[in-house]
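Chemist: Sequence plus the predicted model coming up.
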Amino acid sequence: MKKLTYFMAFVLMLGVCLINYGGTVAYAKPAPQLSSMQVEAVWDDENNYSTVSTSYPYSVNSNITFRGKNLYLLTKFVGYPNWATVFYRDNTSNGRAFKCTTIQREMIGNPATGWYQTVAIPISEFSGSYQNICVTAFSANGGGSKYTRVSNIHVQK
């Protein structure tokens, strides 16, 4: 009788634990709003590299000329963008969208912390030797659009 009592107590405690802690139930929250984004680095196929200034106006080192087939940009997104609405544009948020290829997309810790995205833009896409690139995106849960701009990008075709 004593063994049966211990067994029943064990089963009761197990049931209480499963009910209180949800077993394997996942609690999903909506994706966090896109709060900001910033181009952090620019480089080319020939290993010319420049970080982007962290204060306005966001620009690259003016002594570097980017050459080769592609120009690469590393962009940090804080929050969760709608990836279908991320565009790299010529000069302004309404400028022509460049043809670009996503090379890598990496989460920073969790979606609320943000994402790093690396894209390649063919240098043949640029119309002049000095470029300003504007990155535009909408948040995954509405919340409007965001944009950032990087200037003083000197390219040589």
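Modeler: Sure, I can see it.
Chemist: any low-confidence regions in this protein?
Modeler: When residues are selected by pLDDT under 70, those of the chain lie in 1-12, 14-28, 111.
Chemist: show me where it has helices.
Modeler: Using DSSP state H, the helices of the chain run over 2-21.
Chemist: in this structure, which strand has the most residues?
Modeler: If each strand of the chain is counted by residues according to DSSP state E, the longest one is strand 142-155.
Chemist: who's in contact with that strand?
Modeler: For strand 142-155, contacts defined as CB atoms under 8 Å, 6 or more residues apart in numbering pick out 33-39, 42, 52, 57-60, 62, 64-67, 71, 73, 75, 81, 85, 92-93, 123, 126, 129-139. Placement of C-beta: from N, CA and C, glycine included.
Chemist: Format the CA atom coordinates belonging to it as PDB.
Modeler: Listed next in PDB are the C-alpha coordinates belonging to strand 142-155 (Å, rounded to 0.1, in the frame of the first residue of the first chain):
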ATOM      1  CA  GLY A 142       3.900  47.500 -40.200                       C
ATOM      2  CA  GLY A 143       5.400  50.300 -38.300                       C
ATOM      3  CA  GLY A 144       6.300  52.400 -41.300                       C
ATOM      4  CA  SER A 145       9.500  52.700 -43.300                       C
ATOM      5  CA  LYS A 146      13.100  53.300 -42.300                       C
ATOM      6  CA  TYR A 147      16.100  54.400 -44.300                       C
ATOM      7  CA  THR A 148      19.700  55.100 -43.900                       C
ATOM      8  CA  ARG A 149      22.300  56.600 -46.300                       C
ATOM      9  CA  VAL A 150      26.000  56.200 -46.900                       C
ATOM     10  CA  SER A 151      27.800  58.800 -49.000                       C
ATOM     11  CA  ASN A 152      31.200  59.600 -50.600                       C
ATOM     12  CA  ILE A 153      31.600  56.200 -52.200                       C
ATOM     13  CA  HIS A 154      34.200  56.600 -54.900                       C
ATOM     14  CA  VAL A 155      33.900  53.800 -57.600                       C
END
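Chemist: Alright, that wraps it up for me.
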